[in-house]
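> okay, predicted coordinates and the sequence, questions at the end:
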Amino acid sequence: MAISKPLLASLLVVSLLLLHLAEAEDHATAANGLEASSVQKLDCGAACDARCRLASRQKMCKRACGTCCARCNCVPPGTSGNQEVCPCYYNMTTHGGRRKCP
C-alpha cells in the first residue's frame, strides 16, 4: 500500500500548521493569564470606608468614592486631600465642573 508523495507532503504541512496554531493558542492564553494576574483589583469598599470615615455625609461620600474607585482602581490615602496620588481620581468631575471624587 503505497502513499503518494503529494498526499504525504500535504499531511505533513497540515500537521505542522495545526501544531503551530496549538502552540500560538497556548502562548496567548498564558500571556492573558499573566496580564490579568499582574493587575490587582482594589477593594473599593474598604478603601472608601477609610477615605470617608470622617465625612459628615458618609453615605454620599462612599457612593461617590465607590464610583471613582471602580473607574480608576485607585483611592488616595487619608481622609481628604492627596488626590494627586491618583490622577484619574483627581481629574474626574461632575457635569457642573466640580470634583466628583471625595
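That came through, no problem.
> this protein: helices as residue ranges?
5-38, 44-51, 58-72, 87-91 (DSSP state H).
> can you give the contact residues for the second one?
In other words, helix 44-51. 61, 62, 65, 66, 69, 70, 75, 76, 78, 79, 102 (Cβ atoms under 8 Å, 6 or more residues apart in numbering). Any C-beta I mention is one placed from the backbone N, CA and C, and that applies to glycine too.
> tally of neighbours for residue 102?
Counted with other Cβ atoms under 10 Å, the neighbours of residue 102 add up to 21.
> could you number the chain from 56 rather than 1 from now on?
Right, with 56 as the first residue, what we last looked at is residue 157.
> measure the nearest residue in space to it that is not next to it in sequence to residue 78 for me?
Ranked by Cβ to Cβ, 6 or more residues apart in numbering and with sequence neighbours excluded, the top spatial neighbour of residue 157 is residue 116, at 4.8 Å. Separation of residue 116 from residue 78 (Cβ to Cβ, to the nearest Å) stands at 51 Å.
> neighbour count winner among those two?
The neighbour comparison of residue 116 against residue 78 (other Cβ under 10 Å) goes to residue 116, with 20 against 10.
> what sits against the more buried one?
Counted by Cβ under 8 Å, 6+ apart, residue 116 has contacts 103, 106, 107, 110, 157.
> pLDDT value on it, please?
Per-residue pLDDT puts residue 116 at 94.
> can you list the low-confidence ranges for the chain?
Flagging of the chain using pLDDT under 70 yields the residue ranges 56-57, 71-72, 81-94.
> just the buried subset of the contacts of residue 116, written out for ChimeraX, thanks.
To isolate the buried members of the contacts of residue 116 in ChimeraX, using 16 or more other Cβ atoms under 10 Å:
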select :103,106,107,110,157
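> how about the contacts of residue 116, which pair is most distant?
Farthest-apart pair in the contacts of residue 116 is 103 and 110; separation 10.1 Å (Cβ to Cβ).
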